[in-house]
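1. dropping a prediction and its sequence here:
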Amino acid sequence: MTVALAFDIITIFPSFFGETLRVGVLGRALERGVVAVRAHDLRDWADDAYRAVDDYPYGGGTGMVMKPEPFFRAVEAIEEAHGRGWRVYLTPQGRPLTHAGCEALAARRHIILLCDRYKGVDERVREGLVDEEISVGDFVVSGGEVAALAVVDAATRLLPGVLGDEDSAATDSFATGLLDYPHYTRPREFRGLTVPEVLLSGNHAAIEKWRREQARARTRKVRPELLPGGEE
């Protein structure tokens with residue numbers, strides 16, 4: 001099978017992407033060759049015996065800044081081997097990742113993910129190397145690896161043939177602009193909590209109507225800003 005989407009991840013912790021890539025939907029996509037994920041050690045492109053990829057910031061201040069040279073060399077080496085990629089820097093300062101953004105990423109053939117640590121990267125990496133900056137939320141984690149894994153998983157599951165049920169992704173939260181509706185399975189009653197009767201009725205029109213109403217109600221309660229005009 002032809003690889004539909006290839007990810008090259010630049011990180012100082014390539015082992016982070018070991019076992020986590022081999023489970024669930026993502027693991028099956030890798031086994032089938034639908035997607036490829038290659039993790040590269042940024043330190044391989046350092047220029048000293050200590051394999052240093054960070055240094056003190058100009059102007060003073062706390063923390064360390066990741067040097068530009070290793071990132072440029074890494075991207076150049078990857079693209080020499082695999083062709084030009086869409087270069088994504090994972091950062092809290094980036095554009096929030098959305099369902100539409102994941103769809104756009106899934107439509108690409110080759111994505112290079114740049115993972116930082118410490119206080120972030122030298123600004124020249126952003127100015128001269130990056131095509132897009134992505135944030136996975138208004139919070140800070142220890143490095144871009146967590147965000148990179150989220151991007152890989154979210155984009156991969158949108159590729160044709162990855163999910164067993166092609167309609168599954170189309171009904172997920174955000175795919176329709178709303179949060180997903182409630183789901184129930186057996187048993188019919190559990191500790192006094194029961195399944196809504198409409199789901200047991202066999203009336204598919206009524207079930208679809210109930211699901212639409214529930215999705216809208218849940219969105220209004222939890223994420224009203226997703227509704228037109230941000231209605232309460």
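-> Yes, it's here. Computed from a predicted structure; not experimentally measured.
2. ok, and what's touching the one helix or strand A77 maps to?
-> In this structure, A77 is located in helix 68-82 according to DSSP states H and E. With CB atoms under 8 Å, 6 or more residues apart in numbering as the test, helix 68-82 has contacts from 6, 8, 10, 40, 42-47, 53, 85, 87, 110, 112, 114, 121-122, 124-125, 128-129. Backbone N, C-alpha and C define where each C-beta goes, glycine included.
3. now stretch 35-52
-> Counting by CB under 8 Å, 6+ apart, 3-12, 14-17, 21, 26, 29-30, 53, 67, 69-71, 73-74, 77-78, 152, 156, 159, 162 sit against stretch 35-52.
4. please narrow those to those residing in strands.
-> Assigned to strands by DSSP state E, the following of the contacts of stretch 35-52 qualify: L5, A6, F7, D8, I9, I10, T11.
5. and stretch 40-59, which residues are buried?
-> H40, D41, L42, R43, W45, A46, V53, D54 (16 or more other CB atoms under 10 Å).
6. likewise for stretch 91-103?
-> So, applying 16+ other CB under 10 Å, buried residues of stretch 91-103: T91, P92, G94, L97, H99, G101, C102.
7. tell me the one among these nearest to E213.
-> Proximity of these to E213 (CB to CB) peaks at H99, which lies at 21.2 Å.
8. contacting residues around that closest one?
-> Applying CB under 8 Å, 6+ apart, the residues near H99 are D172, F174, A175.
9. mind putting the residues you listed into CSV with distance to R218 and neighbour count?
-> Below are those laid out as CSV (distance: CB to CB, whole Å; neighbours: other CB atoms under 10 Å):
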residue, distance to R218, neighbour count
D172, 13, 15
F174, 12, 15
A175, 14, 16
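10. out of the residues you listed, which sit inside helices?
-> For the contacts of H99, not one is inside helices, with DSSP state H as the criterion.
11. residues contacting the longest strand along the chain, please?
-> Ranked by number of residues, the top strand in the chain under DSSP E is strand 86-96. Residues from elsewhere that reach strand 86-96, judged by CB under 8 Å, 6+ apart: 75, 101, 105, 108, 110-116, 120-121, 125-126, 129-140, 144, 147-148, 151.
12. same deal with stretch 220-232?
-> F174, G177, L178, L179, R216, T219.
13. any idea of the pLDDT on the residue lying closest to the second one once chain neighbours are set aside?
-> Taking CB to CB, 6 or more residues apart in numbering as the measure, G177 lies nearest to L226, with 6.4 Å between them; neighbours along the chain are not counted. Per-residue confidence at L226 stands at 92 (pLDDT).
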